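Q: Structure for the following, please:
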Amino acid sequence: MKYENIRNQVLEAILQAVEMGLIHGTSGNIAMKDDKDPVVAITPSGIPYTHMTADQIAIVELETGKWIDGPFKPSSEVPMHLAVMKARPEVTATVHTHGMFATIAAMEKFGGLQAVTPPQAEFVPVGIVPFTMPGSDEVADRVVEALGEKGRACVIKNHGMMCCGKDMKAAMAATTYVEEMAQTNYYAKLLNVFEPMPEEAVAQMQALIAADQAV
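A: I've put the predicted structure just below:
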């Protein structure tokens with residue numbers, strides 16, 4: 001099997017996302033760039049993930065998005081994943097989920113996401129993308145803009161969340177903690193007890209994480 005390593009990592013990540021309830025049915029998609037060849041492994045379109053095997057993960061060209069290997073058509077969100085990887089060369093993994101709380105957090109009246117706990121601080125600010133048709137070049141461009149040069153996550157109105165990382169572990173960590181952030185923000189606001197971390201504490205936590213000194 002070609003590109004076995006990245007295919008296995010995409011499969012493991014998508015099954016983890018399903019188990020966590022971040023992805024249901026065939027919604028959401030995950031991609032990973034090869035470290036040697038200019039290709040990307042990405043989940044296929046319209047295929048249930050729970051019984052998927054690694055050889056069913058699609059392979060596309062990084063530059064063109066052309067489908068070059070795998071029995072099933074790649075996700076329609078190929079443009080979004082590739083756009084992030086091309087704009088941010090250090091990014092090797094991207095995770096797009098439809099988690100409930102991240103989807104709620106993308107709504108304008110929610111007021112944006114703020115870190116409540118130290119682990120969440122690593123992933124702010126979380127950009128917000130206005131609704132744009134899924135699978136389009138426009139949503140790809142807007143996600144790239146929302147992530148900027150250093151962002152790890154953004155939420156997409158009426159759609160879900162996009163996260164990225166230097167490897168799959170980092171991309172999945174962003175996915176996990178941003179969904180957790182959205183959940184804690186939601187319930188705290190609902191109960192009228194919302195108290196996000198002070199901005200200076202967030203900055204200090206980010207500095208510790210950057211220096212690899214976080215507890």
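Q: Stretch 91-102: end-to-end distance?
A: End-to-end distance of stretch 91-102 (CA to CA, to the nearest Å): 21 Å.
Q: do stretch 117-128 as well
A: When the termini of stretch 117-128 are compared using CA to CA, they are 20 Å apart.
Q: With stretch 81-101 instead?
A: 22 Å.
Q: Okay, buried residues for that stretch please.
A: 81-85, 87-88, 91-101 (16 or more other CB atoms under 10 Å). (Glycine included, C-beta is placed from N, CA and C.)
Q: Next: stretch 41-60.
A: 41-45, 47, 49, 52, 54, 56-60.
Q: Check the offset of the lengthiest helix in the chain from the chain's centre.
A: Criterion DSSP state H: the longest helix present in the chain is helix 168-190. Distance of helix 168-190 from its chain centroid, counting by CA atoms, centre = their mean, to the nearest Å, is 11 Å.
Q: Let me know the pLDDT of the residue lying farthest from the centre of the chain.
A: Within the chain, the residue lying farthest from the chain centre (CA atoms, centre = their mean) is N192, at 28.9 Å. If you check N192, the pLDDT there is 97.
Q: What of G25?
A: At G25, the model reports a pLDDT of 82.
Q: hang on, it packs against T50?
A: No: with contact defined as CB atoms under 8 Å, G25 does not count as touching T50 (9.4 Å).
Q: Am I right that V155 is in a strand?
A: Yes: under DSSP: H, G, I helix; E, B strand; the rest coil, V155 sits within a strand.
Q: so how far is L190 from the closest residue in space to it that isn't next to it in sequence?
A: Of all residues beyond its chain neighbours, the one nearest V155 is A106 (3.8 Å), with distances taken as CB to CB, 6 or more residues apart in numbering. Using CB to CB, to the nearest Å, we find A106 at a distance of 17 Å from L190.
Q: quick one: which of these two has more around it?
A: A106 (25 against 9; other CB atoms under 10 Å).
Q: Least confident secondary structure element in the chain?
A: helix 199-210 (a mean of 93; mean pLDDT, DSSP states H and E).
Q: low pLDDT regions in this structure?
A: Along the chain, segments meeting pLDDT under 70 span 213-215.
Q: can you give me the helices for it?
A: According to DSSP H, the helices that the chain contains are 4-19, 78-87, 100-105, 118-121, 137-147, 168-190, 199-210.
Q: contacting residues around the last one?
A: To tie it back to what came earlier, the one meant is helix 199-210. Here helix 199-210 makes contact (CB atoms under 8 Å, 6 or more residues apart in numbering) with A115, P118, A121, E122, V124, M197, A214.
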